[in-house]
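>>> what follows is a predicted protein model with its sequence.
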Amino acid sequence: MARPCWASAVLAAARASGPRTSAAFRTRAFSKTSCSPSGRITIGGPPQRVVGGWKRGSSGGDRYSSSGERGGAGNAGSGINTLGLAGAAACGVAGLGLWLSFEGDALVARADLLPRRFVTTIDFQSPVIPMPSKIYPYVIIAHPRAIVAQAALETLTKCDPGSEILVVADRYNFDGQQFGSRLYAGYFGNPSTVEDTSSRGRQMITTFSTGTVKSNDASSAPQPTPSFADQKNVHMCTDAHVTHLDIENKLVTLSDGRTLGFGKVLLATGCKEAVLPGVPDKLKHHVTNLRKVKDFDRVQNLAKSGEAKRIVVVGGGFLGCEVASQLREAGKAKLVEVVHCYVEPGALYRYVPVYFADYITERLRQLGVVEKPYHMVLQIREPSNRANKNNNVELVLQGFEQTSLDCSHVVFAPTHLEGNVELAQQSGLEIDTKCGGVMVNAEMMARSDVYVAGDTASYPDKVLGRRRMQSYDHSYHSGVLAAMNMALKQRQPYNHLPVITSHGGPLGMDVVVLGDIDSTMEMYSIVQLAQGNRFNPMTTSSDSAADSAHPQAGPWGVWEKGVVWYMKDKRVVGAMLLNLTEMKDQVRELIRNRLTYENRVQASDGSQRIQGLEECLDFNLTNPVCRHSSARGQGIIGGGGRRSPRSR
């Protein structure tokens, strides 16, 4: 049980008066007291009217009640000293209504504002709660350049312009020597769309910053709004980070020893860096764990200059596919070989239907990327063959059999990252063991006056259930809503359905994801192909080698635009839009309205058609090709453990 504020005040006054306060303690609300030899005083019992003030007699310690009853005389010279008076006065000034005196070794008190019944223990040996050097109405624990911090600042300064705001990073995000913006899938689009944070029409999964920007930093992360930096009520702490968050006493402790108080706090610590395990220290400079834009820039320069002749990209998700295609393009003039390794059967296999994964894999091969599906990295070691000086690292891979691969550089590009919940865990906040984030309610509140937003928050969605999102769109909107609830004392729920975007990958198109996408779900795709192409996933590369009219089409044709629907129990829970970014609001509304379909119809060619999904929106597709896919069976379907058949 936390010590109430009045007990802390009494404890401070008692310590100030010295060792005389060790025997008993009486208040208006309590009649039973006990004291251990170690100095622990326990207060409790039924209410009893004990009122009165204090009066120091000549013998030292005479005490009178308001009814005129004289208390027992204390020991000579044991009355209240100057420090004791100061402590009693401090309690009164604090509005606690406390009157303190000593009767021998007994501390006598009156507390008009105490609860009618309460039991507590005052431990004179316990550490004193530190006094904050300053109290801020709002504290944001995030990097100042993180989009969630910028969104919260924008909202707080508008809703409560007169209150002071402190922005300070936690230990993980405080990185005074590293500069640049965090890299996510979607970075490789039009740079203007990344920098334009005022336009909410095309949100990117980028720009979680982890350091102060140098003047020569070419990152595309949004800079802090000048109005924030110029406002006298906004304080950016750049020379220290938070080491401890005391939620009960509303205190934050910084690395330089300062203790600061807060009225309300927003925790937005983002995600942790994913590190490829088992890398020897002497080979770490040949392995890049993609965390920031500057990390990719470094590897891209290796490809452009030809310094790295073979680069291995590990990761078959959105970011891995984008990085592999971009590095291949950058190093094409220098004949740089890019190898793409992942454990799945095809690129994006965890997110899309089988035929879509095969299509992406084929497109990467056409770009010149060496695809290695079914390969897991077991070990990274020094190359056994030193004949080729360009080989700096040897990878031990496990596929259908164990093999090794020499290369110049390794890039680890995971799409999903673990939540950075270290500070929240130390503070006693509840952690979602499934999603890996901090548990919050629909108002983004974890505890009273404690809010969590951005990549760290595990929040309940009224349609899709509890989830944790990693996207620019989610960081912005969750930061705005949390700040509004903090400043305006509202209870607005977070009903926004964030989007995830990917640009510049092997598809060469804009990809927008809404809701949940998983290849273990039922899927239905509606796609428009480039003119003159025929969609036939059963064709092989050799069958279409003579296709001279469209040499880049391969066996699949070139997908121009379309949509892939994701369903659970015939209800749409997610969608992937291909070059249909302008339709995201309509699709979001359908998911929110729980779009369902009644049944599937067998077409003349034997395929399964879902008319309800084809007619729910007008995507303006010419001669669309539709295809239904059953859940692939990577997970448990329907709770029975049955493995579903492969997509037909």
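Now that the structure is in, tell me what you want to look at.

>>> so which bits of the longest strand anywhere in the chain are buried?
Using DSSP state E, we find that the single longest strand of the chain is strand 234-246. For strand 234-246, the neighbour count (16 or more other CB atoms under 10 Å) marks 234-237, 241-243, 245-246 as buried. Just so you know, the C-beta spots here come from the backbone N, C-alpha and C atoms, and that holds for glycine as well.

>>> looking at this protein, which helix is longest?
The longest helix of the chain (DSSP state H) is helix 472-488.

>>> which residues in the stretch 351-500 of the chain form helices?
Taking DSSP state H, counting those that start in this stretch as the test, the helices found in the stretch 351-500 of the chain are 354-366, 422-426, 472-488.

>>> and if you look at the chain?
According to DSSP H, the helices that the chain contains are 5-16, 82-93, 147-159, 191-195, 226-230, 293-305, 318-331, 354-366, 422-426, 472-488, 584-592, 611-615.

>>> format these as TSV; extra columns: distance to Gly263.
Shown next, in TSV, are the helices of the chain (distance: least, CB to CB, whole Å):
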stretch	distance to Gly263
helix 5-16	15
helix 82-93	21
helix 147-159	12
helix 191-195	34
helix 226-230	19
helix 293-305	35
helix 318-331	39
helix 354-366	50
helix 422-426	19
helix 472-488	9
helix 584-592	34
helix 611-615	49
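
>>> other SSEs contacting the longest helix of the chain?
When contacts are defined as 3 or more CB pairs under 8 Å, 6 or more residues apart in numbering; DSSP states H and E, helix 472-488 packs onto helix 147-159, strand 259-267, strand 450-452.

>>> listing partners with orientation, what would you give for the second one?
Looking at strand 259-267 with DSSP bridges, its partner strands are strand 134-141 (parallel), strand 251-254 (antiparallel), strand 450-452 (parallel).

>>> the residue nearest to Arg627 when sequence neighbours are not counted: neighbour count?
With CB to CB, 6 or more residues apart in numbering as the criterion, Arg627 has its nearest non-adjacent residue at 5.1 Å, and that residue is Ser525. Around Ser525 there are 23 other residues, counting by other CB atoms under 10 Å.

>>> shouldn't Ser525 be in contact with Val564?
Yes: counting by CB atoms under 8 Å, Val564 is a contact partner of Ser525 at 4.5 Å.

>>> what touches both of these two?
Common contacts of Ser525 and Val564, defined by CB atoms under 8 Å, 6 or more residues apart in numbering, comprise 353, 356.

>>> so where's the protein uncertain?
Scanning the chain for pLDDT under 70 picks out the ranges 1-127, 175-231, 504-505, 532-557, 631-648.

>>> is it possible to export the helices of the stretch 351-500 of the chain to TSV including mean neighbour count and distance to Cys159?
TSV is the format used below for these (neighbours: other CB atoms under 10 Å; distance: least, CB to CB, whole Å):
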stretch	mean neighbour count	distance to Cys159
helix 354-366	21	44
helix 422-426	17	25
helix 472-488	25	4
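
>>> my guess is Glu614 contacts His628. True?
No: contact criterion CB under 8 Å: Glu614 and His628 do not qualify, at 11.0 Å.

>>> can you pull the contacts of the residue nearest to Arg627?
353, 356, 562-565, 626-627, 629.

>>> against Arg310, how distant is Asn392?
Taking CB to CB, to the nearest Å as the measure, Asn392 falls 10 Å from Arg310.

>>> list residues touching both of those two?
407-409.

>>> among those residues, which ones are in strands?
Of the positions in these, 407, 409 sit in strands, assigned by DSSP E.

>>> tell me the one among the shared contacts of Asn392 and Arg310 nearest to Leu156.
The shortest approach to Leu156 among the shared contacts of Asn392 and Arg310 belongs to His409, at 43.5 Å (CB to CB).

>>> for Pro277, what are phi and psi?
phi -80, psi 160 (degrees, to the nearest 10).

>>> so what's the residue count around it?
Neighbour tally, Pro277, other CB under 10 Å: 9.

>>> equivalent analysis for Thr288, please.
By the criterion of other CB under 10 Å, Thr288 has 21 neighbours.

>>> now do the one 10 residues further on
Number of residues near Arg298 (other CB under 10 Å) recorded here: 13.

>>> and if you look at the one 5 residues further on?
By other CB under 10 Å, the residues close to Ala303 number 25.

>>> which residues touch the residue nearest to it when sequence neighbours are not counted?
Closest residue to Ala303 apart from its sequence neighbours, by CB to CB, 6+ apart: Gly331 at 3.4 Å. Gly331 makes contact with 303-304, 306, 308, 311, 338 under the criterion CB under 8 Å, 6+ apart.

>>> mind checking how far Gly331 is from Phe619?
Counting by CB to CB - Gly331 and Phe619 are separated by 37 Å.

>>> likewise for Pro506?
In terms of CB to CB, Pro506 sits 22 Å off from Phe619.

>>> more neighbours: which of these two?
Between Pro506 and Phe619, counting by other CB under 10 Å, Pro506 is the more crowded of the two (24 against 18).

>>> I'd say that one and Ala347 touch.
Yes: at 7.5 Å, Pro506 and Ala347 qualify as touching, with contact defined as CB under 8 Å.

>>> what touches both of these two?
With CB under 8 Å, 6+ apart as the test, Pro506 and Ala347 both reach 321, 360, 364.

>>> okay, the contacts of Gly331 in a markdown table with distance to Leu397 next?
Formatted as a markdown table, these follow (distance: CB to CB, whole Å):
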| residue | distance to Leu397 |
| --- | --- |
| Ala303 | 21 |
| Lys304 | 27 |
| Gly306 | 25 |
| Ala308 | 19 |
| Ile311 | 15 |
| Val338 | 16 |
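
>>> out of those, who's the most crowded?
Val338 (28 neighbours).
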